[in-house]
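J.: A predicted structure for the sequence below; I have some questions about it.
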Amino acid sequence: MGNLEGHVLAGMCFLIFALYYSVMVSLALLRGQRFLKPPLPPREKRGRRWWRLVPVEGMMKIAVALAGIMGELFYPPGVNRLMMVDWEDPRRPFVFCTNWYHITMYGFFMLSGVVDIVSQACQAQQNAKVERAAEALAFCVLVLLMACHVENKSPLEVRTHLLFVALTFLISLVLIIEVWVPDQPSLWVLKTWMGLALSNWMLQLGVLMYAPLSGQPWRAENPVDLAFLPLFFCWHLALAALVLAAIYGLCSLWHRRFSSQMEVPHAKYQLCPRSYSSEDLEKLGTEAMLTSASLHFSVSFTLSVAG
């Protein structure tokens, strides 16, 4: 991840998951769901269709994490960072520390995906608490690694990573709370909002350090350049809120259209007319008499047969 490609890959993956959760949260709020992800029925009641048995979210976590790990170890082509200690040097120094930080981060997200698959596909009953705990653990590890990642970095990298750590800490805190209190819509919205801001800031972080739009690198020793970082960070928070509001609006339009199509025609209650003409009253009286006579005949016939 120590290059533009690595930050773009991680940022895009976070963005895809954040957009996915934005749609889920919006639909859950519109439908008045009690849980963001309703618990799955027991395994024997899900049917034999493969898309009901395969946890797509868990598979996506494993695929993304595996791609990130392979990139950290073998990108660019021809390099090999599997070695952690240079055994040829008499001092036995550690090597590729930054890459192993990133590999560890991806590894815990892969663990979260494995837990999702085991809980949803391998067990008879889903264990949602363990899934949320594994996801919270992955973000807690990310907070720890990024907080220690700023050692021997320039002031620019230190400040950008600390702002990243602040968002990650909030997400991990919400995930920890959701292990015991999963049915709070305010936590769903907060987590999704922070996730969108985190992905945007990850992309911004790569652009700032490796490909600034102005073509001129940021001057880490200039206090003016550093002062603009919190400003851009706050703009990303506002942008994430706007994106979440836009997704909610689109989901609201889709929900109204879909729910209106699902309604049965002529199934709504209608108000009774306030006044009847003499013809209407005569017609209603005739229908009532016929209905009463038919009911009386049916009862009499039943009693006679029973007797």
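T.: Done, it's in. Numbers count the residues shown, from 1 in each chain.
J.: mind checking which helix or strand of the chain has the lowest mean pLDDT?
T.: helix 278-306 (a mean of 49; mean pLDDT, DSSP states H and E).
J.: could you pull out the helices for the stretch 51-200 of the chain?
T.: Here the stretch 51-200 of the chain has its helices, by DSSP state H, counting those that start in this stretch, at 56-74, 97-117, 128-148, 155-180, 185-210.
J.: in TSV, list those along with distance to residue 230, mean neighbour count and mean pLDDT.
T.: C-beta: built from backbone N, CA, C; applies to glycine. Output for the helices of the stretch 51-200 of the chain, formatted as TSV (distance: least, C-beta to C-beta, whole Å; neighbours: other C-beta atoms under 10 Å; pLDDT from 0 to 100):
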stretch	distance to residue 230	mean neighbour count	mean pLDDT
helix 56-74	28	18	89
helix 97-117	24	20	91
helix 128-148	17	19	91
helix 155-180	7	19	90
helix 185-210	12	21	89
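J.: gap between the helix or strand hosting residue 247 and the chain center?
T.: Residue 247 is located in helix 223-262, with elements delineated by DSSP states H and E. The chain centroid and the centroid of helix 223-262 are separated by 14 Å under C-alpha atoms, centre = their mean, to the nearest Å.
J.: helices or strands next to that helix in the packing?
T.: Where contact means 3 or more C-beta pairs under 8 Å, 6 or more residues apart in numbering; DSSP states H and E, helix 223-262 is packed against helix 4-31, helix 155-180, helix 185-210.
J.: what's the mean pLDDT across the longest one?
T.: Yep, that's helix 4-31 we're talking about. Averaging pLDDT along helix 4-31 yields 88.
J.: other SSEs contacting it?
T.: helix 56-74, helix 185-210, helix 223-262.
J.: which among the ones you listed is found nearest to residue 94?
T.: helix 56-74 (15.4 Å; C-beta to C-beta).
J.: just to revisit the earlier point, can you point out the buried residues in the helix holding residue 247?
T.: 226, 229, 233, 236, 237, 240, 243, 244, 247, 248, 251 (16 or more other C-beta atoms under 10 Å).
J.: list the contacts of the residue lying closest to residue 93 once chain neighbours are set aside.
T.: Spatially, and ignoring its direct neighbours in sequence, residue 93 is nearest to residue 86 (5.4 Å; C-beta to C-beta, 6 or more residues apart in numbering). For residue 86, the contact set (C-beta atoms under 8 Å, 6 or more residues apart in numbering) comprises 92, 93, 94, 95.
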